[in-house]
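Asks: heads up, no residue letters with this:
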């Protein structure tokens, strides 16, 4: 249970005027807790100097062929010699057309997304997200700003 005292001790401040884009309501304690679980994982990646991690929400649903497509995507990342911070594996796309990463069959440059269900995060990406994340991330879906991707 997130008390006001606990949130204050973590320096959590509500963004004035922010509302859930679907529910048109303020953020809930459950959404703050979701963000904190991602944030603590990002810090752990940095502290343990992990090269990359795969984050999967407990309510993720896998499509047939997920493992094969993930394997092909990882191979492609190596073949294209891509430097990456974060790669969405599951999310809710919200805005417009997304451009393909040059030479890729699997990767796009993401627009605004919501409900980050699953993603790959590199050490470099974790360093970026774990530093200013509390003031830049939308805790309602574990959303990470596009400039971190």
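Replies: Yep, that arrived. All figures in this text were calculated on a predicted structure; none of them were measured in a lab.
Asks: Output the below-cut-off pLDDT ranges for this structure.
Replies: Segments of the chain classed as low confidence (criterion: pLDDT under 70) are 132-149.
Asks: Give the next helix or strand downstream of the lengthiest strand in the chain.
Replies: Longest strand in the chain by number of residues, with DSSP state E as the criterion: strand 113-122. Once strand 113-122 ends, the next helix or strand along the chain (criterion: DSSP states H and E) is helix 123-130.
Asks: What helices and strands are in contact with the helix or strand encompassing residue 72?
Replies: Of the helices and strands defined by DSSP H and E, residue 72 is found in helix 66-79. When contacts are defined as 3 or more CB pairs under 8 Å, 6 or more residues apart in numbering; DSSP states H and E, helix 66-79 sits against strand 86-93. (Glycine included, C-beta is placed from N, CA and C.)
Asks: In the helix holding residue 72, which of the residues would be classed as buried?
Replies: Taking 16 or more other CB atoms under 10 Å as the basis for neighbour counts, the residues of helix 66-79 that come out buried are 70, 73, 76-77.
Asks: Ok, stretch 83-99 next?
Replies: With burial defined by 16+ other CB under 10 Å, the residues of stretch 83-99 counted as buried are 84-91.
Asks: out of the residues you listed, who's nearest residue 10?
Replies: The shortest distance between residue 10 and any of the buried residues of stretch 83-99, using CB to CB, involves residue 86 and amounts to 22.9 Å.
Asks: Run through the bridge partners of the closest residue to residue 55 other than its chain neighbours.
Replies: Of all residues not flanking residue 55 in the chain, residue 119 sits nearest, at 5.4 Å (CB to CB, 6 or more residues apart in numbering). As for beta bridges, residue 119 partners with residue 55, residue 88 under DSSP bridges.
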